[in-house]
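Chemist: Kindly generate the corresponding structure for this input.
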Amino acid sequence: MEAGDWTITSVLHDATAVAGSGAGGMLSAIHGLNQGMLPYIRNGVKGPMWLHLVLGLPPILLYSAAGAVLGGYALPRFAQCSVTSYYAASSASHDAISQLTRRVEGVGSGTQHKKPT
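Modeler: Predicted structure coming up:
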């Protein structure tokens, strides 16, 4: 990533990566327990609940790890996109306001060209 005004700091990048990993891992683990592999194992395997959990744990851990990796990658990219969009909009707005201000000040001071009659 190129260092400049429109990039997020490394601290913010690392913080969003950690938050994204945690949120992605937690959400995918909850989804895996409730909607993912565990209901299929419960229906297919007869036995005690601990057996269902032991058989369902490896796929849930893999699913959770994939969610954590995706969250750790996607959230910092989203933060970078947000910062870049903010700076681009702010810069365009500042430029438009500057041009408008110059035009208004030009009318008030009489420096603008007059129409020929």
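Chemist: Surely Pro76 and Ala19 touch.
Modeler: No: assessed by CB atoms under 8 Å, Pro76 is found out of contact with Ala19, at 9.3 Å. Just so you know, the C-beta spots here come from the backbone N, C-alpha and C atoms, and that holds for glycine as well.
Chemist: Just want to know which of the two has more residues nearby.
Modeler: Between Pro76 and Ala19, counted using other CB atoms under 10 Å, Pro76 has the larger neighbour count: 21 against 15.
Chemist: how deep is the residue nearest to the more buried one when sequence neighbours are not counted tucked in, by neighbour count?
Modeler: Setting aside the residues directly before and after it, Pro76 is nearest to Thr16 in space (CB to CB, 6 or more residues apart in numbering), at 4.5 Å. The local packing of Thr16 (other CB under 10 Å) involves 20 other residues.
Chemist: So what touches the host helix or strand of Thr16?
Modeler: Per DSSP states H and E, Thr16 falls inside helix 10-34. Residues outside helix 10-34 that contact it (CB atoms under 8 Å, 6 or more residues apart in numbering): 8, 38, 56, 59-60, 63-76, 78-80.
Chemist: Tell me which other helices or strands whichever helix or strand comes after that helix touches.
Modeler: Proceeding N to C from helix 10-34, the next assigned helix or strand is helix 37-44, under DSSP H and E. The contact analysis (3 or more CB pairs under 8 Å, 6 or more residues apart in numbering; DSSP states H and E) places helix 37-44 against helix 49-109.
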